[in-house]
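J.: no sequence for this one, just the structure:
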């Protein structure tokens, strides 16, 4: 019994710390008065798609991205259920409305192989810009076959 409680407790801490909140295709939640080390301030859960990429990426590519802001100076991510492409490399948040390619504003995973979860620092000015008009920003994952982007989703 005790080991089950410890396991459940560790799972809750892990999920809470890496921003795996619940939600639908493009949910956005806000909590006021939280510190950077507590619950996320803003969470975006989006469905990635190859055809949403500009130019189109992996035709049958998909997956889920959870982007969570912890305060205004820290952003964490988690990618899950990636499919339809292999050899994922980088992941970024770009500025750009639907159908537009844009410049990178936040480098999420920058290693030669994709990191499916992690956190990076971000400027509070940029965080607030994203929060005010999230549809002007998108997250994407690149791959060796699709260096311009394999899958994408607007925040």
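T.: Nice, thanks for sending it over. All values derive from a computational prediction rather than experimental measurement. Numbers count the residues shown, from 1 in each chain.

J.: okay, CA-based contacts and neighbour counts for the rest of this
T.: OK.

J.: and the closest residue to residue 121 other than its chain neighbours, what does it touch?
T.: Nearest residue to residue 121, sequence neighbours excluded (Cα to Cα, 6 or more residues apart in numbering): residue 74, at 4.5 Å. The contact partners of residue 74, taken as Cα atoms under 8 Å, 6 or more residues apart in numbering, are 36, 119, 120, 121, 122.

J.: where does this protein have low pLDDT?
T.: Judged by pLDDT under 70, the chain has its weakly predicted residues at 1-38.

J.: bridged to the residue nearest the centre of the chain, which residues?
T.: Most central residue of the chain, judged by C-alpha distance to the mean C-alpha position with Cα atoms, centre = their mean, is residue 67 at 3.4 Å. Legend: beta-bridge partners of residue 67 under DSSP bridges are residue 44, residue 77.

J.: rewinding a little: now the contacts of residue 74: which count as buried?
T.: Under a neighbour-count criterion of 16 or more other Cα atoms under 10 Å, the subset of these counted as buried comprises 119, 122.

J.: got the contacts of residue 74 as TSV, with secondary structure columns?
T.: Formatted as TSV, these follow (DSSP: H, G, I helix; E, B strand; the rest coil):
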residue	secondary structure
36	coil
119	strand
120	strand
121	strand
122	coil
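
J.: which parts of the chain are helices?
T.: When secondary structure is read from DSSP state H, the chain shows helices at 2-17, 124-132.

J.: buried residues, the last one. List them.
T.: Taking 16+ other Cα under 10 Å as the neighbour-count basis, helix 124-132 is seen to contain the buried residues 127, 130, 131.

J.: figure out the length between the terminal residues of stretch 53-72.
T.: 27 Å (Cα to Cα, to the nearest Å).

J.: cool, and stretch 76-96?
T.: Using Cα to Cα, one end of stretch 76-96 lies 20 Å from the other.

J.: same question for stretch 55-71.
T.: Terminal residues of stretch 55-71 are spaced 33 Å apart (Cα to Cα).

J.: which positions in it come out as buried?
T.: Residues of stretch 55-71 classed as buried: 56-58, 61-71 (neighbour count, 16+ other Cα under 10 Å).

J.: do the same with stretch 145-155
T.: When burial is assessed from 16+ other Cα under 10 Å, stretch 145-155 yields the following buried residues: 146, 148, 149, 150, 151, 152, 153, 154, 155.

J.: so the fifth one sits against residue 54, correct?
T.: Translated: residue 151. No: counting by Cα atoms under 8 Å, residue 54 is not a contact partner of residue 151; they are 9.3 Å apart.
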